[in-house]
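Engineer: Please find the sequence and the predicted model below.
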Amino acid sequence: KRLQKNFFINGIELPIHGNKGCKPVHACSMPEREMVKSFIINFSANQGLPDPGRDVRKGKGRLRILLPSVMNYLSIHQINEASMIDSGFDAVGYRTFLRIWQEDVPYVVFNNPKSDLCIRCENFKKQINQIAAILDEEKEDKQAKLYKDALHHLNHAKKERLYYRAHAILANKNYKKMISSGEIDAPYKANSIDTMQHYSWDFAQQFHYPFEDQQVGPIYFKTPRRAQLFGVCCEGVPKQINYLIDEADFLEKNANTVISLLDHFFEHHALGEKSVYLTADNCVGQNKNNALIQYLMYRILMGLHSNIELSFLVVGHTKFSPDGYFGLIRHRYRRSQVYTYEDLSKVVEESSPNGHNVCQTYNQPKIIYRNWTDWLAQFFKIIPGITGYHHFQMNNDEKGIIKLKKDVDSKLTKINLINEHGFPYNEKIKPAELPCILTPKGLSAERQWYLYDQIRMHIPDDQDKNKTCPKPSVSKPKKEKMTTL
């Protein structure tokens, strides 16, 4: 009836509500809005930390303040509500509180839960929060010292990151020059092109197969067949060679494996550069780092490279190019059906439409593991306190000499890496035998029968079953009986 009356009086016009222009009695007033804004700002000053990324774009023109991830809008509104009531004021509703927050202080946000963080950065955050919560006359001095130390650490990590990126940019420029000059003609002979290239490497998490994007429940409690992924990124191209190795063909994660894979990469995938800059995730193992550096010196002495520089990223700040390529593979893997090693290899290849991810399988060409650590130890010394250094330089002009730096700006320290026995080989005198070959142990009888009994049933096709979980040719091991005391 109201619509009919409006039509007869006003014609075809929208009806106007009787309360239009009237302010609701429960509306939030400007003083209440300012109180809420002041509460959020003061709360973030006590509980939050400045964004270590220093990116004002994410905070809409302001440096973001990160509140602990354990908090949320509702929990902070409850604190505000209790505070307002204790002060004798009426608390605003949750929706109004949320709208004021997002309109007036959008730069105050919650930190996302993360893993693999820098322990020093996290300790700084905890110490700053602890000091902010106590009453102490020297509180401001302690806070200032902590902020200064934290800023020094972040600047150090930033310098190392810029050094890494500068080499990647230079390598890309050099690669484009190689293309324009017509020097791109694989296979490349080692140390044949007067240019610098940049390579970085890392291990990814294991991949399991069979795997389906719509995974059935029972397989979550089982251990499917595993494959290791080791990626060597050609920063200048850019592309990544991904070594996909089934658990039956994998040696173990040690220095011999890493050096053998790098040796295979330099022989079959490198660009023949004379100078190479290498970047690796920071490894805490002294033996692994020493063996790797000894191998790089071996390449200098044998004339396989003229200049080599190896850099380790700062612990806790180790996200670099290989992680991005692994992310593409993981993204494709989660949306695929993988029943065999060949299916997994196809996932790696198809993870990048432009061919930036290349899959290197175990047999094409075959990967040979060698006992590099024992062989190299005959000729080279151990670098004392190696984990304290982040940069290692060696060149053909000072054979056997390695230059060490703790960080980009520190002074060089020179060490003769060759021991008292000397290194008897060079470009002309080749070793009669390379280090002895190490053979992977393969799958144990217990593992073979486990795959056959527990995993085979989850593969629909018989051919795929026989590839991934064939019937073992060895007898099934007997389970040991539990003895009761």
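Structural biologist: Noted; the coordinates are in hand.
Engineer: Which parts of the stretch 351-485 of the chain are strands?
Structural biologist: 357-360, 369-370, 391-395, 401-405, 413-416, 437-438 (DSSP state E, counting those that start in this stretch).
Engineer: what residue ranges in this structure score low on pLDDT?
Structural biologist: Scanning the chain for pLDDT under 70 picks out 18-19, 21, 23-26, 52-61, 114-116, 132-133, 135, 184-187, 283-287, 480-485.
Engineer: Report the inter-axis angle for the helix of greatest length in it versus strand 391-395.
Structural biologist: Longest helix in the chain, counting residues (DSSP state H): helix 139-180. Counting by axes from the mean of the first three to the mean of the last three Cα atoms, to 10 degrees, helix 139-180 lies at 30 degrees to strand 391-395.
Engineer: From the chain's centroid, how far away is helix 139-180?
Structural biologist: Distance of helix 139-180 from the chain centroid (Cα atoms, centre = their mean, to the nearest Å) equals 16 Å.
Engineer: what does stretch 326-346 give?
Structural biologist: 18 Å.
Engineer: hey, where'd the helices end up in the stretch 1-150 of the chain?
Structural biologist: For the stretch 1-150 of the chain, applying DSSP state H, counting those that start in this stretch gives helices covering 2-10, 30-47, 73-86, 94-104, 119-132, 139-180.
Engineer: circling back to that earlier point, walk me through which strands the following helix or strand past the longest helix of the chain pairs with, and which way each runs.
Structural biologist: Using DSSP states H and E, the next helix or strand after helix 139-180 towards the C-terminus is strand 193-203. With DSSP bridges as the test, strand 193-203 is paired with strand 225-234 (antiparallel), strand 273-280 (parallel).
Engineer: Show the contacting residues for the nearest residue to residue 206 once chain neighbours are set aside.
Structural biologist: Of all residues not flanking residue 206 in the chain, residue 226 sits nearest, at 4.8 Å (Cβ to Cβ, 6 or more residues apart in numbering). Yep, even glycine has a C-beta here, placed from its N, CA and C like the rest. Residue 226 sits next to 206-208, 246-247 when contact means Cβ atoms under 8 Å, 6 or more residues apart in numbering.
Engineer: Tell me the bridge partners for residue 226.
Structural biologist: residue 208.
Engineer: Start the count at 702 instead of 1 going forward.
Structural biologist: Let's use 702 as the start, then, which means that last one is residue 927.
Engineer: From residue 1060, how far off is it?
Structural biologist: 16 Å (Cβ to Cβ, to the nearest Å).
Engineer: cool, and residue 810?
Structural biologist: Distance from residue 810 to residue 1060, counting by Cβ to Cβ: 39 Å.
Engineer: can you check residue 1170 too?
Structural biologist: 22 Å.
Engineer: and those two? which has more neighbours close in?
Structural biologist: Neighbour totals were compared for residue 1170 and residue 1060, and residue 1170 leads with 25 against 20 (other Cβ atoms under 10 Å).
Engineer: Can you give me the separation between the more buried one and residue 1049?
Structural biologist: The value you get for residue 1170 to residue 1049, if Cβ to Cβ is used, is 21 Å.
Engineer: One more: residue 1136?
Structural biologist: For residue 1136 relative to residue 1049 (Cβ to Cβ), the value is 29 Å.
Engineer: With neighbour numbers in mind, choose between those two.
Structural biologist: residue 1049 (27 against 20).
Engineer: Can you pull the phi and psi angles for the more buried one?
Structural biologist: phi -60, psi -50 (degrees, to the nearest 10).
Engineer: rewinding a little: using JSON lines, lay out the contacts of residue 927 together with neighbour count and distance to residue 837.
Structural biologist: Shown next, in JSON lines, are the contacts of residue 927 (neighbours: other Cβ atoms under 10 Å; distance: Cβ to Cβ, whole Å):
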{"residue": "907", "neighbour count": "11", "distance to residue 837": "48"}
{"residue": "908", "neighbour count": "20", "distance to residue 837": "52"}
{"residue": "909", "neighbour count": "18", "distance to residue 837": "52"}
{"residue": "947", "neighbour count": "19", "distance to residue 837": "59"}
{"residue": "948", "neighbour count": "16", "distance to residue 837": "56"}
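Engineer: Adding distance to residue 733, write the residues you listed out as TSV.
Structural biologist: Converted to TSV, the contacts of residue 927 look like this (distance: Cβ to Cβ, whole Å):
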residue	distance to residue 733
907	55
908	55
909	55
947	65
948	63
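Engineer: picking that back up, and the strands of the stretch 1052-1186 of the chain as a markdown table, adding distance to residue 1031?
Structural biologist: Below are the strands of the stretch 1052-1186 of the chain laid out as a markdown table (distance: least, Cβ to Cβ, whole Å):
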| stretch | distance to residue 1031 |
| --- | --- |
| strand 1058-1061 | 11 |
| strand 1070-1071 | 26 |
| strand 1092-1096 | 31 |
| strand 1102-1106 | 34 |
| strand 1114-1117 | 40 |
| strand 1138-1139 | 29 |
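Engineer: Quick one: closest of those to residue 979.
Structural biologist: Nearest to residue 979 among those is strand 1092-1096 (9.0 Å), distances taken as Cβ to Cβ.
Engineer: Can I get the closest one as CSV, trimmed to CA atoms?
Structural biologist: Taking Å, rounded to 0.1, in the frame of the first residue of the first chain, the C-alpha atoms of strand 1092-1096 are listed here in CSV:
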residue,chain,number,x,y,z
HIS,A,1092,83.0,-15.6,0.6
PHE,A,1093,85.7,-17.8,-1.0
GLN,A,1094,87.7,-16.7,-4.1
MET,A,1095,90.3,-18.5,-6.1
ASN,A,1096,91.8,-17.9,-9.5
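Engineer: Find the nearest non-adjacent residue to residue 774, please.
Structural biologist: That would be residue 799: by Cβ to Cβ, 6+ apart, it lies 5.6 Å from residue 774.
Engineer: quick one: that neighbour and residue 811, what's the gap?
Structural biologist: For residue 799 relative to residue 811 (Cβ to Cβ), the value is 13 Å.
Engineer: List the residues that contact residue 1037.
Structural biologist: Contacts of residue 1037 (Cβ under 8 Å, 6+ apart): 912, 914, 1044, 1048.
Engineer: Quick check: residue 1066 vs residue 1146, distance?
Structural biologist: 30 Å.
Engineer: could you pull out the helices for the stretch 902-1051 of the chain?
Structural biologist: Applying DSSP H, counting those that start in this stretch to the stretch 902-1051 of the chain gives helices spanning 956-969, 987-1002, 1022-1034, 1042-1051.
Engineer: Tabulate the ones you listed (a markdown table), appending distance to residue 1078.
Structural biologist: Listed next are those as a markdown table, based on distance: least, Cβ to Cβ, whole Å:
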| stretch | distance to residue 1078 |
| --- | --- |
| helix 956-969 | 11 |
| helix 987-1002 | 7 |
| helix 1022-1034 | 28 |
| helix 1042-1051 | 35 |
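Engineer: can you tell me which of the ones you listed comes nearest to residue 922?
Structural biologist: helix 1022-1034 (20.4 Å).
Engineer: now that closest one: how far from the chain's centre is it?
Structural biologist: Offset of helix 1022-1034 from its chain centre (Cα atoms, centre = their mean): 10 Å.
Engineer: May I see the buried residues of it?
Structural biologist: 1022-1024, 1026-1027, 1029-1030, 1033-1034 (16 or more other Cβ atoms under 10 Å).
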